[in-house]
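*Asks:* task: produce atomic coordinates for the following.
(3 chains)
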Amino acid sequence: MVDHHVHGVVGGELERGVFEELLTESDRAVPGWMTQFDSPLGFAVRRWCAPVLELPPHASPEEYLAARESWGSREVARRLLAAAGVDRFLVETGLGGGLAEMAALSGRPVHEVVRLESVLEEVAASGAAAADLPLRFREELAQRAASAVGVKSIIAYRWGFDFDPDPPGEAEVVRAAGAWLREGTSRVSDPVLLRFALWTGVEHGLPIQLHTAYGDPDLELHRCDPLLLTRFIKEVEPRGVDLLLLHCYPYHRNAAYLAQVFPHVHFDVGLAVNHTGARSEAVIAESLELAPFAKVFYSSDAWGLPELHHLGAVLWRRGMTRVLGHHVDSGDWTFDDAVRVARMIGRDNAERIYHLR
Amino acid sequence: MVDHHVHGVVGGELERGVFEELLTESDRAVPGWMTQFDSPLGFAVRRWCAPVLELPPHASPEEYLAARESWGSREVARRLLAAAGVDRFLVETGLGGGLAEMAALSGRPVHEVVRLESVLEEVAASGAAAADLPLRFREELAQRAASAVGVKSIIAYRWGFDFDPDPPGEAEVVRAAGAWLREGTSRVSDPVLLRFALWTGVEHGLPIQLHTAYGDPDLELHRCDPLLLTRFIKEVEPRGVDLLLLHCYPYHRNAAYLAQVFPHVHFDVGLAVNHTGARSEAVIAESLELAPFAKVFYSSDAWGLPELHHLGAVLWRRGMTRVLGHHVDSGDWTFDDAVRVARMIGRDNAERIYHLR
Amino acid sequence: MVDHHVHGVVGGELERGVFEELLTESDRAVPGWMTQFDSPLGFAVRRWCAPVLELPPHASPEEYLAARESWGSREVARRLLAAAGVDRFLVETGLGGGLAEMAALSGRPVHEVVRLESVLEEVAASGAAAADLPLRFREELAQRAASAVGVKSIIAYRWGFDFDPDPPGEAEVVRAAGAWLREGTSRVSDPVLLRFALWTGVEHGLPIQLHTAYGDPDLELHRCDPLLLTRFIKEVEPRGVDLLLLHCYPYHRNAAYLAQVFPHVHFDVGLAVNHTGARSEAVIAESLELAPFAKVFYSSDAWGLPELHHLGAVLWRRGMTRVLGHHVDSGDWTFDDAVRVARMIGRDNAERIYHLR
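*Replies:* Down below sits the predicted model:
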């Protein structure tokens, strides 16, 4: 299996509060009257991760956290990653590092995906003048992406998908860069600069991953419906660059539509598989309604907790087995076709797009 | 169980036409070439309410209406409410009265939820001058809500959720009030006045119920996607006031997302459970994909027919049993966790938010 | 069964590339690294069409195409249409002809549905002056629709549903017609002219089919959410003209809502049944959540391949049997009610609206 979009593991021992905050896309403190363990994802941790720590399935949160502490975070990560059964990780490094550590913890090949906005912010922080920013960014991206297999855009977070689909002009970019640099904020959120980063990614030519829909409240979900990308997708089409829409929940049917009609559009239900827990079967089923099977991918989008790297793979395999098994039982599909489709989505499609072989 | 959003029962004997019109959210006459009994809700009435009137399950519409007439509307209401197994009703009184009657018919404790727009319309009708309207509304609301457990907004009906999220200024409110009073319509639909009513509710501090999405054609459904509230939700957050999104269909996944990421947002699939009949199981399942279980509620939004108070509870229990039972059968959840989650959603969460104990 | 929206069959022998392109709504070439057979629809062709060509179920694409060639396209069409079990076809002739041929191939009664935009484009191509276009179109439509059972609008493709719901004024139409004729394009895409065509359809009075949502990338899917029609629907209501929303995926729940609350709105999940293959069961189930059963229709929207005429009917019957069978097994519905609802949706509703008896 190839996990084509994943982040690193947070090191050190985690207090319960921190652990619970890593179990949700909310960036707010967990209120005192509830626990994040009482959620689809929390139940999945107790069910599927507890046995990897040699606890019975459905161990209590207290038992689970005690076992975690007793094994130590490094051993916990090692065990959960090994038991995930993932053969390669494509690590998006925009949240900071993680590449070498993921290789060490998992013992598996890792590949880098470079976050466009992080590179742009680093160039700005390095003291580039506004007039030089476009060239400096292109150069830095070329260097950083030389050993990467893809790039990633978080324009969904910083603006939304309701942006002008055309590439911005150079003068416009310099003007926006000037305003940004004068403002002195490290975070890039001007739509002209975000479009510049994205289109520079298109020029570069590697497959482009786009965070789509479900994520933390830094984004406005309805402005991240992938259908809002339709005109951008059409403009990219003649460039021959692949677009990979990540997560997409609750707009995964919309993403599947785009993947059916545009040859260069692909998608996954990544993050949603983890967070919907026992219901991920339903989300996976819906993701397989309209798209050709060669256009669907697997990712966990795990970040921070190795539980997420583990559960992403476990729940995806379990969901696929149940959904495709249902089609086989009903006589709609053959067993061989079901196995073949699972391999395409779990591995072959990613190997093809990212040239992993 | 706590039905945290419900209305009163229409008194008197009902002719078939009136009965059928109360079985749909349409406010149009039922066309002569169809019957509202041929709908998911109509089938559910015949299946689950008929036995309460001592008819066999699936009795015909004619048999059902004859039994209804023979028992008399009061006895029908008494039976259906008793068999609903609901322990408390939170009655939204904006459609007029119902509190004492619900207590009498059900023999259960009732609590009031005050509709903001009704109070504003009553203040206007009482002859307040535009300049006095803000103060008069605040005073009247304080008095009316003193014994209530929550307030309710129908801004979804009167405008939609695409409103300016900021509280309006006092001068702006007085100006809009002047225009409204000169116009002489009893119904408030000016967005400035609706925002004023809503923000006055926020200042008041009780939990705020918001009609969300599915409802009668007085609203425009796509303008009631709860995601359109995102900025308003963020503005309310520092005030420490709880927002309860009601019904939410077909945007219940969006509501669940908001409930995951914002600590003060909660939701139910209320009205949709009744109207989707045998399919309510699927709607309930989807509502349990993303939200922590402490943020999900039960309501029937029943109005008019005691059949709706009854079916809301029956279909919700049935749906929960099937959805959670499926998770238990598959080994994803324990039986004890399933029971605990059902109690949280059916009762505990409402008791906590509305301070019912 | 009545297939209330369908197109003709493409004649002649088809090469594999052409066949695959007719298996998707994409109008792009199928990339070399994939086959359209690896899709929900492709698997359904192998499962359900292969036996009609005397192959085992799940025959390979190569075997299937060889058998197709060996039987000849005319015999293939004859067999697939006969085995579809459809009693009447309502053929939308806007893609060119097909009426007589469908009658000949299927041996079943056929009825015509006239595409508004095609008639308008023909009138323009015939050399009408801008000032005469309104009258000429009204006359031509009256003549063309005299023997038709309905008209069809593709405003979803040419603009989207975010149009001004009012009928345009005559002067406005003549002005827009002038610009269009000067431009010299055959394709009508000006929103004023599209609204004129649509409102002329309303004046004519026959049931109006509207392509809604899922379709080829000539449309922008999010601009085809049927809820965007809400104000237009309200304006049409007093005219007493029926509106039939076709396909509607992934907005079929929204369409079902409109069908519940507006007496003159009806819908189907047409095209989506074919393209979701083994998952069409889920789409059908969702389409039966909110609408009265008298408002739901069956269509295949088949075009080009007789496989689509066949599969539409097979998958719909199979999906209905499973969805309604589930309700019967669970005790929610009676068997007799399930059969009655299947007949309403599969036949009776269409016979009523289109006066087919």
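
*Asks:* which residue packs closest to residue A:325, ignoring adjacent ones?
*Replies:* Leaving aside its sequence neighbours, residue A:325 sits nearest to residue A:338 (CB to CB, 6 or more residues apart in numbering or on different chains; 7.2 Å). C-beta coordinates here come from the backbone N, C-alpha and C atoms, glycine included.

*Asks:* how about the contacts made by that neighbour?
*Replies:* Counting by CB atoms under 8 Å, 6 or more residues apart in numbering or on different chains, residue A:338 touches A:324-325, A:327-328.

*Asks:* same check, this time on residue A:30
*Replies:* Contacts of residue A:30 (CB under 8 Å, 6+ apart): A:17, A:20-21, A:24, A:36, B:263.

*Asks:* closest to chain C out of these?
*Replies:* Lowest distance from chain C to those (CB to the nearest CB) belongs to residue A:24, with 26.6 Å.

*Asks:* isn't the closest one up against residue B:292?
*Replies:* Yes - using CB atoms under 8 Å, residue A:24 is in contact with residue B:292, at 7.4 Å.

*Asks:* overlap in contacts, those two.
*Replies:* With CB under 8 Å, 6+ apart as the test, residue A:24 and residue B:292 both reach A:36, A:39, B:260.

*Asks:* make a markdown table out of the contacts of residue A:30 and add neighbour count, pLDDT and secondary structure.
*Replies:* Listed next are these as a markdown table, based on neighbours: other CB atoms under 10 Å in any protein chain shown; pLDDT from 0 to 100; DSSP: H, G, I helix; E, B strand; the rest coil:
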| residue | neighbour count | pLDDT | secondary structure |
| --- | --- | --- | --- |
| A:17 | 11 | 96 | helix |
| A:20 | 21 | 98 | helix |
| A:21 | 17 | 97 | helix |
| A:24 | 19 | 97 | coil |
| A:36 | 23 | 98 | coil |
| B:263 | 20 | 98 | coil |
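
*Asks:* pick out the most distant pair among those residues.
*Replies:* A:17 and B:263 (13.7 Å; CB to CB).

*Asks:* what pLDDT does the residue nearest to residue A:325 get?
*Replies:* If you check residue A:338, the pLDDT there is 98.

*Asks:* surely it forms part of a helix?
*Replies:* Yes - with DSSP: H, G, I helix; E, B strand; the rest coil as the criterion, residue A:338 is assigned to a helix.

*Asks:* about what we covered before: mind listing the shared neighbours of residue A:17 and residue B:263?
*Replies:* Joint contacts of residue A:17 and residue B:263 (CB under 8 Å, 6+ apart) are A:29-30.

*Asks:* around chain B, which positions in chain A sit nearby?
*Replies:* Residues of chain A lying close to chain B (CB under 8 Å from any CB of the partner chain) are A:24-31, A:33-36, A:38-40, A:42-44, A:47, A:57-58, A:214, A:216-217, A:220-222, A:249-250, A:275-279, A:282-283.

*Asks:* just the ones in strands from the residues you listed, please.
*Replies:* Counting by DSSP state E, the residues of chain A next to chain B place none of their members in strands.

*Asks:* for residue A:242, grab phi and psi.
*Replies:* Note on residue A:242: its backbone torsions stand at phi -80, psi 140 [degrees, to the nearest 10].

*Asks:* from residue A:206, how far out is it?
*Replies:* Distance from residue A:242 to residue A:206, counting by CB to CB, to the nearest Å: 9 Å.

*Asks:* just to revisit the earlier point, the residue nearest to residue A:325 and chain B: what is the separation?
*Replies:* Applying CB to the nearest CB, to the nearest Å, the value for residue A:338 to chain B is 19 Å.

*Asks:* where does pLDDT dip in the stretch 251-357 of chain A?
*Replies:* Nowhere does the stretch 251-357 of chain A drop to pLDDT under 70.

*Asks:* one more time with 90, if that's ok
*Replies:* By pLDDT under 90, the low-scoring segments of the stretch 251-357 of chain A are A:357.

*Asks:* which ones are touching the residue in it that chain B sits nearest to?
*Replies:* The stretch 251-357 of chain A approaches chain B most closely through residue A:278 (3.8 Å), counting by CB to the nearest CB. Listed by CB under 8 Å, 6+ apart, the contact set of residue A:278 reads A:40, A:43-44, B:327, B:330, B:332-333.

*Asks:* how about those residues, which pair is most distant?
*Replies:* So, the contacts of residue A:278 by CB to CB: farthest apart are A:40 and B:330, at 13.2 Å.

*Asks:* who's more crowded, these two?
*Replies:* residue A:40 (25 against 13; other CB atoms under 10 Å in any protein chain shown).

*Asks:* out of the residues of chain A next to chain B, which end up buried?
*Replies:* A:24-26, A:30, A:34-36, A:38-40, A:42-44, A:47, A:58, A:214, A:217, A:220-222, A:249-250, A:275-279, A:282-283 (16 or more other CB atoms under 10 Å in any protein chain shown).

*Asks:* circling back to that earlier point, out of the contacts of residue A:338, which comes closest to chain C?
*Replies:* Relative to chain C, the closest of these is residue A:327; by CB to the nearest CB it sits at 4.6 Å.

*Asks:* how many other residues sit next to the nearest residue to that closest one once chain neighbours are set aside?
*Replies:* Closest residue to residue A:327 apart from its sequence neighbours, by CB to CB, 6+ apart: residue A:333 at 4.0 Å. Counted by other CB under 10 Å, the residues lying close to residue A:333 total 24.

*Asks:* do residue A:350 as well
*Replies:* Residues lying near residue A:350 (other CB under 10 Å) number 28.

*Asks:* now do residue A:143
*Replies:* Residue A:143, neighbours per other CB under 10 Å, totals 10.

*Asks:* now do the buried residues in the helix or strand containing it.
*Replies:* Assessed by DSSP states H and E, residue A:143 sits inside helix A:133-144. By 16+ other CB under 10 Å, the buried positions in helix A:133-144 come out as A:133-134, A:136-137, A:140-141, A:144.

*Asks:* ditto for stretch A:220-235
*Replies:* By neighbour count, with 16+ other CB under 10 Å as the criterion, the buried positions of stretch A:220-235 are A:220-230, A:232-233.

*Asks:* show me which of these neighbour chain C.
*Replies:* Subset of those in contact with chain C: A:225, A:227-228, A:230, counting by CB under 8 Å from any CB.

*Asks:* now the residues you listed as a markdown table including pLDDT?
*Replies:* Output for those, formatted as a markdown table (pLDDT from 0 to 100):
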| residue | pLDDT |
| --- | --- |
| A:225 | 98 |
| A:227 | 98 |
| A:228 | 98 |
| A:230 | 98 |
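
*Asks:* any chance of the residues you listed in a markdown table, with secondary structure too?
*Replies:* Output for these, formatted as a markdown table (three-state DSSP):
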| residue | secondary structure |
| --- | --- |
| A:225 | coil |
| A:227 | helix |
| A:228 | helix |
| A:230 | helix |
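
*Asks:* closest one to chain C out of the residues you listed, please.
*Replies:* Of those, the one sitting nearest to chain C (CB to the nearest CB) turns out to be residue A:227, at 3.9 Å.

*Asks:* what sits closest to the closest one if chain neighbours are left out?
*Replies:* residue C:222 is the one closest to residue A:227 (CB to CB, 6+ apart), at 3.9 Å.

*Asks:* just residue A:322 next, same as before
*Replies:* Spatially, and ignoring its direct neighbours in sequence, residue A:322 is nearest to residue A:281 (4.9 Å; CB to CB, 6+ apart).
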